[in-house]
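Participant: Here's my sequence, what's the structure:
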Amino acid sequence: MRGAAARSRMSDAFISIMSPAVSVIIPTYNRARLVFAAIASVIAQRATDFELIVVDDGSTDDTWPELKRTAAAVNAEHADRVAMRIVHTENRGVAAARNTGVALASAPLIALLDSDDLWGPDKLARQIEYMRAHPQCVISQTDEYWMSNGERVNPGLRHRKAAGDIFIDSLRTCLVTPSTVILRTALLREVGGFDEDFSAAEDYDLWLRILVRHEIGLIAEHHATRRSGHHGQLSATVPAIDRFRILALLKLLGGHDLNEVRRRAVCEVLAEKCGIYAKGLARRGQGAHATFILEFAANASGAWCAGGEQACASAAVSMRAHIKGRVSESA
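Facilitator: You can find the predicted model right below:
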């Protein structure tokens with residue numbers, strides 16, 4: 001969250017609610033076609049005690065001028081139930097945009113909404129009720145509908161959401177969706193927010209850092225709609241997403257929160273993802289990089305399973321350098 005407030009420029013069009021229960025954060029970048037539907041789904045919430053923070057991550061389309069008009073209208077028409085703030089930053093990625101919103105949040109709970117997704121009208125009210133009824137719970141989510149290219153699709157069984165300890169199950173498949181989550185603000189700040197070196201899979205990294213310590217609650221009701229298949233979707237525009245997942249797993253191995261069973265599970269998945277990524281590098285004629293990654297796979301299958309947090313922490317540093325180097329080469 002470094003320097004987020006200093007680099008941000010807030011609109012004049014905002015009001016304050018005395019003590020909002022939830023801070024809703026929407027990051028957006030060049031999604032003028034989609035973000036206003038997301039905002040409308042927040043304004044339509046049955047809940048009345050929340051603030052909405054929209055962070056424009058340096059859009060080059062007409063997102064920012066439209067956001068200024070929208071914020072002015074919302075704050076004029078709904079002053080009794082919602083405060084809308086908008087922030088414009090340089091383009092630094094979705095992780096940094098979310099961290100900017102978190103730094104400005106004033107509520108004890110944070111709800112995230114991606115700018116291409118939608119909420120049902122009872123989403124916030126149901127989650128506020130749940131978190132108040134379960135004060136020991138620090139993170140929970142709802143179920144969701146999936147839409148691809150405007151049509152309803154059914155997620156596979158491996159994407160089915162569950163409550164409780166889902167850490168190991170989340171290693172291969174990300175089982176937490178940003179737009180369905182609500183979590184304690186103190187928890188998000190305690191774990192350091194989103195890692196801004198991640199151009200993608202930043203949510204996978206954060207959820208694993210949380211799930212290694214905490215169980216997750218679930219409202220088994222569909223209160224969000226996840227939309228995919230549109231232009232600019234990160235999963236379609238960021239190449240080799242497994243490199244970020246590899247870094248996330250190395251970060252876990254470099255910490256001190258893994259018991260023997262979990263460490264073995266992380267190592268197994270790390271070796272798999274390294275193998276997949278290395279094959280892709282070799283296929284593109286990048287043999288030296290492939291060899292570098294295969295060394296991680298070999299260590300994950302051997303020495304790292306027995307411990308070696310310091311070695312894993314050093315490997316995470318090397319992986320960050322590799323990622324930044326690959327980003328520079330493709331820029």
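Participant: from the chain's centre, how far out does the host helix or strand of residue 279 sit?
Facilitator: Taking DSSP states H and E as the definition, one finds residue 279 inside helix 260-283. With CA atoms, centre = their mean, to the nearest Å as the basis, helix 260-283 stands 22 Å off its chain's centre.
Participant: I'd like the average pLDDT over that helix.
Facilitator: If you average the pLDDT over helix 260-283, you get 96.
Participant: Report all helices and strands that that helix contacts.
Facilitator: Secondary-structure packing of helix 260-283 (3 or more CB pairs under 8 Å, 6 or more residues apart in numbering; DSSP states H and E): helix 169-172, helix 242-253, helix 287-301. Using the backbone N, CA and C atoms, a C-beta is placed for each residue, glycine as well.
Participant: Run through the helices of the chain in chain order.
Facilitator: 32-43, 63-77, 94-104, 123-133, 169-172, 185-190, 202-211, 234-237, 242-253, 260-283, 287-301, 309-330 (DSSP state H).
Participant: what's the closest of those helices to residue 21?
Facilitator: helix 123-133 (5.4 Å; CB to CB).
Participant: quick one, which of the helices and strands packed on helix 260-283 is packed in tightest?
Facilitator: Highest mean neighbour count of the helices and strands packed on helix 260-283: helix 242-253, a mean of 24 (counted as mean count of other CB atoms under 10 Å).
Participant: could you say what helices and strands that one packs with?
Facilitator: Against helix 242-253 (3+ CB pairs under 8 Å, 6+ apart) you get helix 202-211, helix 260-283, helix 287-301, helix 309-330.
Participant: now, of these, which is deepest in the fold?
Facilitator: Most buried among those, counting by mean count of other CB under 10 Å: helix 202-211, with a mean of 22.
Participant: Work out the gap between that helix and the centre of the chain.
Facilitator: The answer for helix 202-211 is 8 Å, by CA atoms, centre = their mean.
Participant: contacts for that helix?
Facilitator: With CB atoms under 8 Å, 6 or more residues apart in numbering as the test, helix 202-211 has contacts from 93-95, 98, 138-139, 165-167, 170-171, 174-178, 183, 187, 191-195, 198, 244-245, 247-249, 251-252.
Participant: so for it, what's the average pLDDT?
Facilitator: 98.
Participant: what are the C-alpha coordinates of that helix, in PDB please?
Facilitator: Extracted C-alpha coordinates of helix 202-211, given in PDB (Å, rounded to 0.1, in the frame of the first residue of the first chain):
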ATOM      1  CA  GLU A 202      -2.900 -11.400  -6.900                       C
ATOM      2  CA  ASP A 203      -6.100 -12.700  -5.300                       C
ATOM      3  CA  TYR A 204      -4.800 -16.300  -5.300                       C
ATOM      4  CA  ASP A 205      -1.700 -15.100  -3.400                       C
ATOM      5  CA  LEU A 206      -3.800 -13.100  -0.800                       C
ATOM      6  CA  TRP A 207      -6.300 -15.800  -0.200                       C
ATOM      7  CA  LEU A 208      -3.600 -18.400   0.500                       C
ATOM      8  CA  ARG A 209      -1.900 -16.100   2.900                       C
ATOM      9  CA  ILE A 210      -5.200 -15.700   4.800                       C
ATOM     10  CA  LEU A 211      -6.400 -19.300   4.500                       C
END
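Participant: What are the buried residues along stretch 220-231?
Facilitator: Within stretch 220-231, the residues that count as buried by 16 or more other CB atoms under 10 Å are 223-227.
Participant: Could I get the average pLDDT for it?
Facilitator: 86.
Participant: now it, how far from the chain's geometric center?
Facilitator: For stretch 220-231, the distance to the chain centre is 14 Å (CA atoms, centre = their mean).
Participant: Just the C-alpha atoms of that stretch, please, in CSV.
Facilitator: Only the C-alpha atoms of stretch 220-231 are listed here, as CSV (Å, rounded to 0.1, in the frame of the first residue of the first chain):
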residue,chain,number,x,y,z
ALA,A,220,-24.5,-20.8,0.2
GLU,A,221,-26.6,-18.4,-1.8
HIS,A,222,-26.0,-16.8,-5.2
HIS,A,223,-25.5,-13.1,-4.5
ALA,A,224,-22.9,-12.2,-7.2
THR,A,225,-22.5,-12.6,-11.0
ARG,A,226,-19.1,-13.2,-12.4
ARG,A,227,-18.8,-12.0,-16.0
SER,A,228,-16.0,-13.2,-18.4
GLY,A,229,-15.2,-13.3,-22.1
HIS,A,230,-14.9,-9.6,-22.5
HIS,A,231,-12.0,-7.5,-23.9
